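**Q** output the structure for:
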Amino acid sequence: MHNRLFALLLAVMFFTSACTVLQENNNITDLPSIEMIPVDTEEETQTAFILLYYFDASSGQLVSKTLPLETGRLEEKPRAVLEAFVNCSENIGLGRISEKLQFTGIKISGDVANVYFSFASALSDKQTFYMSVAAANTVIDNLGVSYANILINGKAMLLSGSPCGLFEKSEGNISNLYTAYLEKFSSGNSSTVNLALYFLDPTREYMLPEVRTISLNSSSTKVLAVEVLRQLSLGAGYNVNLISPVERYFTLADPDSGNTTDTLTGQDASLEISYENNTLFINNAGILFPEVTQNIEPNLACVFYSIANLLPEVTLMKFSFGEVTRYMDLERAKTCLGEEITIYLPNESFSALQSVSRVVNESYALNWNTYMEEITRGPIATDPESLVAAFPTEIGLSDFISLDIQGSCAILTLSADFLNSLEGLSSERQMILIYSIVNTICGMGVVNTVQILIQGIRVKGEGEGINLFSPLMPNLGLIS
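**A** Got it, this is the predicted structure:
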């Protein structure tokens, strides 16, 4: 009830307080009905803060400190957070050698962040664990994910020879937590870990993760690799739109030989798996992908990413299809990593906005141009039929000039042609058009408001309708 009242109040506020229509004549350089006011950016500058986690030796606790974050672009935030972490003067579990730690990259897809560090020296399990937990907490608290996979020199963490899986947010005494992990993986019994399994999106162009808790009954690379294949073949558990990259599931009949048995028929499937020198070989791989006739690269990437994120020793996979061998490693697999983004499009009557999802390359998921491009493109075949394009046909991607971040506010600069295209639109249509942009940008989770400028200048109009002079909050009342 409180949420409904809040949404209603927001809707009333925006409809009653937004008090200007954007009017202009056909001469872009002469706008008599609009007051153009230069922006004093110093007044708008706000400081964003992040939480960095580190190890407090005196209490044994994992604690946090707040630091200002300086970045002007959405896509720079993940790197800025992790660079602040490695440059932190506090103890992150590495002691005096922490200056040797370098952040080398991050890939975020769904609820999972894969974070890559390099380190010049060998680390003990305890050092690796402490640093990984602190890094995971920092990533989870600042970047909106639920799980973090911490890789040092390209490898995820092992304890007692067993993979730790994904880290969730941890609290309390880190020494006790480390002891609990050691007991968990050295007891000789099966242990449970969080595993990120990667499935194909509906276009079969990108892969998306789904986290699943699995039991590990062996430390054998071959046995665990087959278990990952079996888990993939079961399909996604909660997103029915995701597609399994493999067609059938198998169990390892003889771990020493590497031969597998098709558990659906009980007959030898002639699939051979072997492991040597950090390379996992899958011979007669066509058995896994019998219906893939075109681009098989995303399927192979799903298998590699799912296996390599659990088994850090696997750095290369070779798939044999008769006389043809296909290779997959981390760098190639990353190119297929997707991310689901949300944009807002209007209904046919331009009375409400509806959220719709798009899957894009992960590298562009925090690039504001990606969101504007998707809004400009309008509805696609998989969207509800009731949705229509937000913009008139004359508005294109070139009308979105720049977007900068100042604290919690996004400064979006649009072209004079964009302003001109609003001429003749009703105030309701103007509101839907503007809030399709504002709700989408704020939905990225980095900012709370959007200040729209025309060629770098604030616009103040006359009459009734939407007012662009001040920063705009997302309008929850328009979302159906």
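**Q** can you give me the domain assignment for the protein?
**A** Each domain of the chain is listed here as a residue range: 2-33+340-478, 50-189, 193-336, per automatic domain parsing.
**Q** report pLDDT for Leu316.
**A** Note on Leu316: pLDDT of 95.
**Q** quick check: closest non-adjacent residue to it.
**A** Excluding its sequence neighbours, the residue lying closest to Leu316 (Cβ to Cβ, 6 or more residues apart in numbering) is Thr279, at 4.5 Å. C-beta: built from backbone N, CA, C; applies to glycine.
**Q** now do the buried residues in the helix or strand where Ala84 lies.
**A** Assigned by DSSP states H and E, Ala84 belongs to helix 77-86. If you call a residue buried by 16 or more other Cβ atoms under 10 Å, then helix 77-86 has these buried ones: Lys77, Pro78, Ala80, Val81, Leu82, Ala84, Phe85, Val86.
**Q** where is pLDDT lowest across those?
**A** Lowest in pLDDT among the buried residues of helix 77-86 is Lys77, which has 83.
**Q** surely that residue touches Met444?
**A** No. In this structure Lys77 lies outside contact range of Met444 using Cβ atoms under 8 Å: 9.9 Å.
**Q** quick one: the helices in the stretch 351-480 of the chain?
**A** Using DSSP state H, counting those that start in this stretch, the helices of the stretch 351-480 of the chain run over 368-377, 416-421, 427-442.
**Q** just the stretch 51-200 of the chain next, same as before
**A** For the stretch 51-200 of the chain, applying DSSP H, counting those that start in this stretch gives helices covering 77-86, 125-143, 174-186.
**Q** of the ones you listed, which shows the lowest average pLDDT?
**A** Among the helices of the stretch 51-200 of the chain, helix 174-186 scores lowest, at a mean of 84.
**Q** what packs against it?
**A** Counting contacts by 3 or more Cβ pairs under 8 Å, 6 or more residues apart in numbering; DSSP states H and E, helix 174-186 is packed against strand 61-69, helix 125-143, strand 158-159.
**Q** so where's the stretch 201-350 of the chain shaky on pLDDT?
**A** For the stretch 201-350 of the chain, residues meeting the criterion pLDDT under 70 lie at 248-270, 291-293.
**Q** quick one: the helices in it?
**A** For the stretch 201-350 of the chain, the helices defined by DSSP H, counting those that start in this stretch occupy 221-233, 297-308, 330-334.
**Q** on that earlier part again, ok, now how distant is the residue nearest to Leu316 from Met317?
**A** Going from Thr279 to Met317 by Cβ to Cβ, to the nearest Å gives 7 Å.
**Q** so the two - more neighbours on which side?
**A** A direct count of neighbours by other Cβ atoms under 10 Å for Thr279 and Met317 places Met317 higher, at 23 against 15.
**Q** the more buried one contacts Phe304, doesn't it?
**A** Yes. Using Cβ under 8 Å, Met317 is in contact with Phe304, at 5.0 Å.
**Q** joint contacts of the two?
**A** By the contact definition Cβ atoms under 8 Å, 6 or more residues apart in numbering, Met317 and Phe304 are jointly contacted by Met328, Asp329.
**Q** now the common contact residues for Lys77 and Met444.
**A** Both Lys77 and Met444 are contacted by Leu366, under the criterion Cβ under 8 Å, 6+ apart.
**Q** who's in contact with Ser219?
**A** Applying Cβ under 8 Å, 6+ apart to Ser219 gives the contacts Gly161, Ser162.
**Q** tell me how many other residues crowd the residue nearest to Leu151 when sequence neighbours are not counted.
**A** Of all residues not flanking Leu151 in the chain, Tyr116 sits nearest, at 5.1 Å (Cβ to Cβ, 6+ apart). Tyr116 has 18 neighbouring residues, counting by other Cβ under 10 Å.
**Q** and the pLDDT at the residue lying closest to Thr376 once chain neighbours are set aside?
**A** Distances taken as Cβ to Cβ, 6+ apart place Leu397 nearest to Thr376, at 5.3 Å, with adjacent residues excluded. Looking at Leu397, its pLDDT reads 91.
**Q** Tyr371 is in contact with Leu397, correct?
**A** No. Here Leu397 does not reach Tyr371: they are 10.8 Å apart, not a contact under Cβ under 8 Å.
**Q** those two: which is more packed in?
**A** Taking other Cβ under 10 Å, Leu397 and Tyr371 do not tie; Tyr371 has more neighbours (26 against 11).
**Q** okay, the more buried one: pLDDT?
**A** In this model, Tyr371 is scored at 93, pLDDT.
**Q** with adjacent residues omitted, what lies nearest to it?
**A** Per Cβ to Cβ, 6+ apart, closest to Tyr371 is Thr440, 5.3 Å.
**Q** now for the residue nearest to Thr376: which residues touch it?
**A** Neighbouring residues of Leu397 by Cβ under 8 Å, 6+ apart: Asn369, Met372, Glu373, Thr376.
**Q** for it, give its distance to Leu468.
**A** Here the criterion is Cβ to Cβ. By it, Leu397 lies 20 Å from Leu468.
**Q** now Phe199
**A** Using Cβ to Cβ, one gets 42 Å for the distance from Phe199 to Leu468.
**Q** I'd say Glu205 and Ala301 touch.
**A** No. Using Cβ under 8 Å, Glu205 is not in contact with Ala301, being 10.6 Å away.
**Q** who has more neighbours, those two?
**A** Counted by other Cβ under 10 Å, Glu205 and Ala301 do not tie: Ala301 has more neighbours, with 25 against 15.
**Q** surely the more buried one meets Glu331?
**A** No. Ala301 is beyond contact range of Glu331, at 10.6 Å (criterion: Cβ under 8 Å).
**Q** who's Ile50 bridged to?
**A** Going by DSSP bridges, Ile50 is paired in beta bridges with Leu67.
**Q** let me redo that: Ile457
**A** Under the criterion used (DSSP bridges), Ile457 bridges to Pro38, Ile454.
**Q** and if you look at Ile479?
**A** Beta-bridge partners recorded for Ile479 (DSSP bridges): Leu353.
**Q** would you list every one of the strands in the stretch 151-300 of the chain?
**A** 155-156, 158-159, 162-163, 191-200, 207-216, 250-252, 259-262, 268-276, 279-283 (DSSP state E, counting those that start in this stretch).
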